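> Structure for this input, please:
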Amino acid sequence: RIIVFGGTSAAFFFISLAIKKGFEVVLITTPFRLSAKIDKNRTFRNALSKKNITLIEVSGNLSKDLLEPYVDDHTIGISIVTFWIFNNEIIKLFQGNLFNYHGALLPEEKGGGTFTHKILSKFYDGGLNIHRVDLSLDTGPIILEKRFQYPKECKKTIDFEEFKQNLEEELLDDFLSLVISGEQIDFYPQKKNDSFYF
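Purely as a prediction, here's the structure:
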């Protein structure tokens with residue numbers, strides 16, 4: 001079973017791929033995320049209506065009690081663009097199997113608003129990461145990483161988003177393949193000297 005937290009076009013891609021690969025999927029998200037568009041024609045809620053998943057809408061904070069019925073030794077959790085910060089009880093519940101997809105460089109671009117900062121600074125280095133969740137924001141050890149250059153034609157946030165979409169899908173596919181392989185996952189600590197938070 002995979003529990004997906006959050007929601008965007010990347011989350012929808014990941015959910016679709018996980019179902020195709022035989023996973024049971026539980027999505028925990030907010031009304032705000034469900035009402036957001038994932039493409040020109042569909043909201044996240046509309047797109048999910050044809051998917052066989054367990055959907056849990058949460059307006060407030062997450063709790064261990066809410067998650068406990070869905071988490072066992074064969075459960076992976078992944079956060080894909082969520083506003084929630086996971087507390088120690090929830091992190092422990094997943095026994096090291098709670099991950100976060102971060103659509104920017106780590107440790108150089110922790111937090112949010114990274115495209116705005118790229119536009120203002122004309123900084124075109126790009127990166128995508130999946131890391132283990134710990135108690136601080138975007139600080140956990142990395143398991144998968146892609147680094148690349150955005151073209152200088154990227155002027156608006158949507159330009160950056162569209163450019164990274166295929167790379168994002170490749171990374172999420174690699175993550176699922178790693179989970180399916182059953183191989184031991186290698187973790188790489190982030191370099192603290194390069195750390196910066198937006």
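> Geometric centre of the protein: which residue is closest?
Taking Cα atoms, centre = their mean as the criterion, residue 80 is the residue nearest the geometric centre of the chain, at 2.4 Å.
> Now that that one has come up, it's in contact with residue 5, right?
Yes - taking contacts as Cβ atoms under 8 Å, residue 80 lies within contact range of residue 5: 7.1 Å. Where you see a C-beta, it was placed from the backbone N, CA and C, and this is true even at glycine.
> Just the buried positions in the helix or strand of the chain with the lowest mean pLDDT, please.
Least confident helix or strand of the chain, by mean pLDDT, DSSP states H and E, is helix 114-121 with a mean of 87. Residues of helix 114-121 classed as buried by neighbour count (16 or more other Cβ atoms under 10 Å): 114, 115, 118.
> Would you mind measuring from the closest residue to residue 88 other than its chain neighbours to residue 85?
Nearest non-adjacent residue to residue 88, counting by Cβ to Cβ, 6 or more residues apart in numbering: residue 135, 6.1 Å away. With the distance defined as Cβ to Cβ, to the nearest Å, residue 135 ends up 9 Å from residue 85.
> Next up, the contacts around the closest residue to residue 157 other than its chain neighbours.
Once flanking residues are discounted, residue 157 sits nearest to residue 115: 4.5 Å by Cβ to Cβ, 6+ apart. By Cβ atoms under 8 Å, 6 or more residues apart in numbering, residue 115 lies in contact with 157, 160, 161.
> Give me the neighbour count for the nearest residue to the residue nearest to the centre of the chain once chain neighbours are set aside.
Leaving out its chain neighbours, the residue that sits closest to residue 80 by Cβ to Cβ, 6+ apart is residue 11, at 4.2 Å. Number of residues near residue 11 (other Cβ atoms under 10 Å) recorded here: 26.
> what is the orientation angle of the host helix or strand of residue 168 with helix 114-121?
Assigned by DSSP states H and E, residue 168 belongs to helix 157-181. If you take axes from the mean of the first three to the mean of the last three Cα atoms, to 10 degrees, helix 157-181 sits at 140 degrees to helix 114-121.
> Pull out the buried positions in helix 157-181.
Within helix 157-181, the residues scored as buried using 16+ other Cβ under 10 Å are 160, 161, 163, 164, 167, 168, 171, 172, 175, 176, 178, 179.
> Identify, from these, the entry nearest to residue 74.
Ranked by distance to residue 74 (Cβ to Cβ), the buried residues of helix 157-181 are led by residue 179 at 10.4 Å.
> Many thanks, I have nothing further to ask.
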